[in-house]
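**Q** below are the sequence and a predicted model; questions follow.
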Amino acid sequence: MKPPFQQVLDLHAEHVYRFLVAVGGPDAADDCFQETVVAALRAYPALRDARNLRSWLFTIAHRKVLDAARRRSREAIPVAVVPEAPTTDGGREVWSLVRALPAKQRSAVYLRYAGGLPYREIGAVLGCTDAAARRNVHEGIQKLRQAWEEES
Amino acid sequence: MNELESLLQKPPEAAPDDAVRRAVERAAGAGVVDVGYASHDSPVGRLLLAATRRGLVTIAFPQRGEDAVVSELARRISPRVVELPRRLDAIRRELDEYFAGTRTSFEHPVDWSYVAGFSRRVLRATTRIPYGRVETYRSVAAAAGSAKAVRAAGNALGANRVPIVVPCHRVIRTGGGLGGYTGGLEVKSFLLELEGVA
């Protein structure tokens, strides 16, 4: 028995929205979020396994980030990278470094650290094995450490 | 734990409330919202209103509980149920006017797809009872095509999911007794008084 879709939103929308801000960037987040909700509603009636709606929703959101990145690269208008306003806690800075990672590593790092998801679920979102998910987190964090040290 | 890892544990600040509303409206525009709902304050309490693209499917009184009503919509109609106040704007205006005494009939369509057979005939007959008038269970049963089916007519009215708009409060007992009402008898007499029925 599937819960009303509103319940899925109540439980997971905020989480997914923050994920999109972190990995897709504040400017792309709104559009990616709308596309995620539309795609999720479209697929919801045919969804067979409603046991893990969180990873199902993140899977769609992750794909929307990939689509947006592909669209941007196809449009291929080079845009100067605008440095984000520095903040005292360094939070913004961290996510802009995360966004410089390859898409899979980006999502993997977010889901592991900010999301606290187990590797099994991260694998489900990325469409890979637990081991590959673990590798993506590991490689992502290595690169981040490097970039982080170079900056400070 | 180093500084980098502790920063990564804090997701970015984001206030998605408005984003959720806009996303749901876009989804409705794309035709993927089957049932939209909203709550609405009225003199008879906070009502939960729900509609498909075709029309109203639910007006629920507070005692039924919003969560229970939303779950029932998911089961009965479709799990694609979301809060979508915009879809209910027109009926909310009509209800406000009705309670203010300036509206005597509703124009908003009812979606009858989820009511079958004799029940549907009873409820459609009920919509034809004019404002400020009452009919008996017996005459409604007759209008629905079966004068003997008084009890079945009573059950159909008791199961009316769109009270007020489908005015089952205008159906009373033959002897003048109020009968029953989904929202409670005090609501039934309130509505009848509002309509000027002594």
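**A** Yep, that arrived. Numbers count the residues shown, from 1 in each chain, chains lettered A, B, ... in the order given.
**Q** can you check the pLDDT for residue 77?
**A** Here I'm looking at chain A. Turning to A:Ile77, the model gives it a pLDDT of 57.
**Q** my bad, chain B
**A** Note for B:Ile77: predicted pLDDT of 97.
**Q** what's near enough to touch the residue nearest to it when sequence neighbours are not counted?
**A** The shortest distance from B:Ile77 to any non-neighbouring residue, by Cβ to Cβ, 6 or more residues apart in numbering or on different chains, is to B:Val35 (5.4 Å). C-betas here are computed from N, CA, C, even on glycine. Contacts for B:Val35 (Cβ atoms under 8 Å, 6 or more residues apart in numbering or on different chains) come out as B:50-52, B:57, B:73-74, B:77-78, B:80-82.
**Q** any weak-confidence spans in chain A?
**A** Along chain A, the parts satisfying pLDDT under 70 run over A:76-92, A:152.
**Q** could you pull out the helices for it?
**A** Secondary structure of chain A (DSSP state H): helices at A:5-24, A:26-43, A:53-75, A:91-98, A:103-113, A:119-126, A:130-151.
**Q** go on, chain B?
**A** B:3-8, B:17-29, B:66-76, B:89-99, B:117-127, B:137-143, B:150-158, B:185-194.
**Q** tell me which of these sits most buried.
**A** helix B:137-143 (a mean of 20; mean count of other Cβ atoms under 10 Å in any protein chain shown).
**Q** so what's B:Tyr137 up against?
**A** B:Tyr137 sits next to B:150, B:153-154, B:157, B:171-174, B:179 when contact means Cβ under 8 Å, 6+ apart.
**Q** oh, that last question was meant for B:Arg46, not what I typed.
**A** B:39-40, B:62.
**Q** please indicate which of those residues are buried?
**A** Among the contacts of B:Arg46, those classed as buried by neighbour count (16 or more other Cβ atoms under 10 Å in any protein chain shown) are B:39-40.
**Q** between the helices of chain A, which one is nearest to B:Glu135?
**A** Each of the helices of chain A has some distance to B:Glu135 by Cβ to Cβ; the shortest is helix A:5-24, at 37.5 Å.
**Q** what comes up buried for the closest one?
**A** A:5-9, A:12-24.
**Q** is it positioned near chain B?
**A** Yes: shown here: helix A:5-24 in contact with chain B (Cβ under 8 Å from any Cβ of the partner chain) through A:5-7, A:9, A:13-15, A:17-19, A:21-22.
**Q** report the angle between the axes of that helix and helix A:103-113?
**A** Here the directions of helix A:5-24 and helix A:103-113 differ by 120 degrees (axes from the mean of the first three to the mean of the last three Cα atoms, to 10 degrees).
**Q** what sits closest to A:Ala100 if chain neighbours are left out?
**A** Of all residues not flanking A:Ala100 in the chain, A:Ala147 sits nearest, at 6.9 Å (Cβ to Cβ, 6+ apart).
**Q** picking that back up, distance to B:Arg103 for the helices of chain A - can I get that in TSV?
**A** Putting those into TSV (distance: least, Cβ to Cβ, whole Å) gives the following:
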stretch	distance to B:Arg103
helix A:5-24	30
helix A:26-43	34
helix A:53-75	41
helix A:91-98	53
helix A:103-113	52
helix A:119-126	51
helix A:130-151	59
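**Q** who touches the residue nearest to B:Ala149 when sequence neighbours are not counted in this structure?
**A** Excluding its sequence neighbours, the residue lying closest to B:Ala149 (Cβ to Cβ, 6+ apart) is B:Ala141, at 4.9 Å. Applying Cβ under 8 Å, 6+ apart, we find B:Ala141 in contact with B:122, B:147-150, B:152-153.
**Q** max pairwise distance over those: which two?
**A** Farthest apart among those by Cβ to Cβ are B:Val122 and B:Lys148. That separation is 13.2 Å.
**Q** re earlier: from the contacts of B:Arg46, which land in strands?
**A** Counted as lying in strands by DSSP state E, out of those, are B:39-40.
**Q** out of the contacts of B:Arg46, who's near chain A?
**A** Counting by Cβ under 8 Å from any Cβ, the subset of the contacts of B:Arg46 that neighbours chain A is empty.
**Q** ok, so of the contacts of B:Arg46, who is nearest chain A?
**A** B:Ser39 (12.2 Å; Cβ to the nearest Cβ).
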